[in-house]
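J.: Below is the sequence, then the predicted model.
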Amino acid sequence: GGCPNRSSGSQGAQQIALFALDLIELVKNFRFSSSTTTNEKDESSSQQQQILVRCGINSGPLVAGVVGSKVPKFSVYGDVVNAASRMESTSEAMRIQCSETTYRLLRDASSWDFDMTPRGGVDVKGKGRMDTWWIKDAKRRAED
């Protein structure tokens, strides 16, 4: 939640969670044609395929910057990045899994009410057992 403009804490977690929810909604009804071989005579047919995504979110400190001079690339580093990758890889298709740190930031968000349910403990490579939550939806809070 900090590119290109810096944001942190609850605001950064909100931006990323809202992006992930929008991404899931976008691909839900998206279909593309895929050719497949149906028999020995190499006849092909076109089938509609769906894209499935899985999302993982973690929050915390990291280091970011441009690396390289011939082909510069923006990159992020840190334990928080590795844990976010594990949140994605242990997630399920069309779902958003978040760490306890992100859960707490979203729970305390001032502008949005996030609908989150506990997934329970998940074995995460390099981290051990982590409590995680599913982010299901978000609704903007009414202004006072």
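T.: Nice, I can see it. Numbers count the residues shown, from 1 in each chain.
J.: beta partners of the residue most central in space within the chain?
T.: Central residue of the chain (C-alpha atoms, centre = their mean): Cys55, 2.9 Å from the mean position. When bridges are called by DSSP bridges, Cys55 pairs up with Ile96.
J.: what's the pLDDT at it?
T.: Note on Cys55: pLDDT of 97.
J.: Please report the distance of it from Leu18.
T.: Distance, Cys55 to Leu18, using C-beta to C-beta, to the nearest Å: 12 Å. The way it works is simple: take the backbone N, C-alpha and C, and place the C-beta from them, glycine included.
J.: Quick check: the residue nearest to the centre of the chain touching Leu23?
T.: Yes. Between Cys55 and Leu23 there is a contact under C-beta atoms under 8 Å: 6.9 Å.
J.: measure the residue nearest to the centre of the chain to Ser34 for me?
T.: 23 Å.
J.: tell me the contacts of the residue nearest to the centre of the chain?
T.: 20, 23-24, 87-88, 91, 95-97 (C-beta atoms under 8 Å, 6 or more residues apart in numbering).
J.: just the buried members of those residues?
T.: Buried by 16 or more other C-beta atoms under 10 Å: 20, 24, 87-88, 91, 95-97, out of these.
J.: any idea which of these is the one closest to Val80?
T.: Nearest to Val80, judged by C-beta to C-beta, of those is Met87 at 10.4 Å.
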